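>>> Everything below, folded, please.
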Amino acid sequence: MIQLKKIHFRFWTSVFPLLILMAACAPSKKELPYEPLDREKIWRYREEGLASWYGEEYHGRKTANGEIYDMYAMTAAHRTLPFNTFVRVTNMENGKKTELRINDRGPFIPGRIIDLSQSGARAIDIVGTGTARVSVEITGFATRRIPSWEGIFSVQVGAFVEKENALRLRQELQKKYRNVHMVLWESNVKRFYRVRVGSFRSEADAQRYCEILRKENLSGFVVRED
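The predicted structure follows:
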């Protein structure tokens, strides 16, 4: 009887710490698969970086949200903000400001954070210089309903004019990574084949994966695909 008690005691002393560890690692019921887009965070949203602009080369073509791009309209392209978000763009070099609506995706050049329409670029005086350091702040939405941060995000790791080069990179990356895919992007004068890795429900998850890729010498940036 004493021997059985000792066995019983040893069993629970070995299992109990494991149960505690499992409970600690279990996800909370309140935990969400994506970061909620609360009002306070929206109005505090601000980023700084280089702005560029795009005009005649894309004029008349479809934007990422299905509209026809009008370089004379007050619109802009952003890699991750939801469509129909209004943003205030301030040229930090001259203080000029303008408000634009996000209806497209871009810019697809590392280091740049927003692509303005020609009219948007003219409003803050960057048509001649091509780029300028700006701040971007959310001011509202085209609809009453505030959109969710949840979406489909990936990491763009390459862009090619030649389709064969994009296919070659995709094939090489598929040996090691999941959800490697190619996206066609066209202007009025040329085509781009963009290679992307991953499919994530939040920008935060995609950013974490982007950091992993950088450590493996695969540079890129996060883009929203919806």
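>>> domain ranges for this structure?
Using automatic domain parsing, the domains assigned to the chain come out as 39-141, 153-224.
>>> Helix or strand with the lowest mean pLDDT in the protein?
The weakest-scoring helix or strand in the chain, judged by mean pLDDT, DSSP states H and E, is helix 2-25 (a mean of 40).
>>> still on that earlier bit, just name the most buried of the domains of the chain.
Each of the domains of the chain was scored by mean neighbour count; the highest is domain 39-141, a mean of 18, by mean count of other Cβ atoms under 10 Å. (Each C-beta comes from the backbone N, C-alpha and C, glycine too.)
>>> Assess the claim that P82 and F153 are in contact.
No - P82 is beyond contact range of F153, at 11.8 Å (criterion: Cβ atoms under 8 Å).
>>> Touching both of the two, which residues are there?
Both P82 and F153 are in contact with R224, where contact means Cβ atoms under 8 Å, 6 or more residues apart in numbering.
>>> what would the domains of the chain look like in a markdown table with mean pLDDT and distance to P147?
Shown next, in a markdown table, are the domains of the chain (pLDDT from 0 to 100; distance: least, Cβ to Cβ, whole Å):
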| stretch | mean pLDDT | distance to P147 |
| --- | --- | --- |
| domain 39-141 | 94 | 4 |
| domain 153-224 | 95 | 11 |
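>>> those strands in this structure, which residues are they?
Listed in chain order, the strands of the chain (DSSP state E) span 46-53, 75-78, 85-91, 97-104, 112-116, 131-141, 153-160, 180-186, 191-200, 221-224.
>>> And those: which comes nearest G66?
With respect to G66, and counting by Cβ to Cβ, the nearest of the strands of the chain is strand 97-104 at 8.8 Å.
>>> Please give the centre-to-centre distance between that closest one and its chain.
17 Å (Cα atoms, centre = their mean, to the nearest Å).
>>> and what of stretch 166-173?
What separates the centre of stretch 166-173 from the centre of its chain is 22 Å, taken as Cα atoms, centre = their mean.
>>> ok, now stretch 51-67?
Centroid separation between stretch 51-67 and its chain, computed with Cα atoms, centre = their mean, is 18 Å.
>>> Cool, thanks, talk later.
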